[in-house]
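In: Structure for the following, please:
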Amino acid sequence: MIQITNIQIDNFGPFTEEMGNNREHKIQILLSEIFIFLQKHFNQHEGLVFSASKDNMIAVSNGISIETHREIIDEVEKNFPITISMGIGVGNTPLEAQIDASKALILHGSAQSSRRKVLAYNGHILPVKNKVKVAHVDINFYTKINTDVYPLYSNFFNLNKSYITLMENFEKIGALCFFNGGDNFICICPNSILTQEIENIIREFESKHEPWKLKAGIGEGQNVLEAISKANICLKRIREGNNKEKVVVIN
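Out: Okay, here's the model as predicted:
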């Protein structure tokens, strides 16, 4: 089982309308500051936040209690001109847990309504304290074959196409995939995932996105930060071997 938290800024669209016509840069600054604030608070409890649509975020929250979620919601209200609501979900896979979190929050009304500071969790006994498994995927020699060769926007465009491919294929196995900057993708995986499944995803990706080749480090930990640390150790081993291995796992 895994625990996932949906984080949603309350009534954000109507709120931004009140910021005046010259507001887009202010919106970007506010969203960035909120994300950093939430990331730091979840990190303090061994959780990790990913941006979905900036005003909506997804956190891997294994081990984080209902009380801690409520404290974070209250801290946001104290520090920003907005409030947030959260839905906590549980599932056998990260995808199932995320869907459960969405359902919990949707039951309390529209994101653009008078709803404020909701904390919904469908009656689950929380927190879930099972292990977390993460795949850290990146593109081999990306700087050499792309960043230093092609225009920035062209690379940005192709990276986003690659992101979609990875999201689609990881979703098929119940995983959540997030772009993490550079040429890096962090994929929150079911604990039952097999190395062969990752290899199949890599093979399909490479058939669509030549000449790009992928590698993946897979780590398992008591929380998401420990799992990512182990995945990074795996990636380092692959790089030191000149990317000859495709997948390395540390449990």
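
In: Quick one: the helices in the stretch 151-251 of the chain, in order.
Out: For the stretch 151-251 of the chain, helices defined by DSSP state H, counting those that start in this stretch occupy the ranges 152-171, 195-208, 224-240.

In: Just give me the residue closest to the centre of the protein.
Out: Central residue of the chain (CA atoms, centre = their mean): residue 50, 3.5 Å from the mean position.

In: partner residues bridging it?
Out: Using DSSP bridges, the bridge partners assigned to residue 50 are residue 58.

In: Looking at the helices of the stretch 151-251 of the chain, which is nearest to residue 214?
Out: Ranking these by proximity to residue 214 (CB to CB) places helix 195-208 first, at 4.7 Å. To be clear about C-beta, it is placed using only N, CA and C from the backbone, and glycine gets the same treatment.

In: Go through the closest one and flag the buried ones.
Out: Neighbour-count burial for helix 195-208, counted by 16 or more other CB atoms under 10 Å, picks out 197-198, 201-202, 205.

In: Check the burial of residue 139 by counting its neighbours.
Out: 20 (other CB atoms under 10 Å).

In: wait, I meant residue 129
Out: Counted with other CB under 10 Å, the neighbours of residue 129 add up to 12.

In: what's the closest non-adjacent residue to it?
Out: In this structure, residue 129 finds its nearest non-sequential neighbour in residue 63, 5.2 Å apart by CB to CB, 6 or more residues apart in numbering.

In: mind listing what the one you found touches?
Out: Each residue near residue 63 by CB atoms under 8 Å, 6 or more residues apart in numbering is listed here: 3, 45-47, 127-129, 222-223.

In: Model confidence score at it, please.
Out: pLDDT, residue 63: 96.

In: Check residue 112 too.
Out: We have a pLDDT of 78 for residue 112.

In: for residue 233, same thing?
Out: At residue 233, pLDDT is 95.

In: Check residue 104 too.
Out: The model's pLDDT for residue 104 equals 95.

In: about what we covered before: export the contacts of residue 63 as TSV, with columns for distance to residue 74 and secondary structure.
Out: Shown next, in TSV, are those (distance: CB to CB, whole Å; DSSP: H, G, I helix; E, B strand; the rest coil):
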residue	distance to residue 74	secondary structure
3	20	strand
45	15	coil
46	20	coil
47	17	coil
127	18	coil
128	22	coil
129	24	coil
222	27	coil
223	23	coil
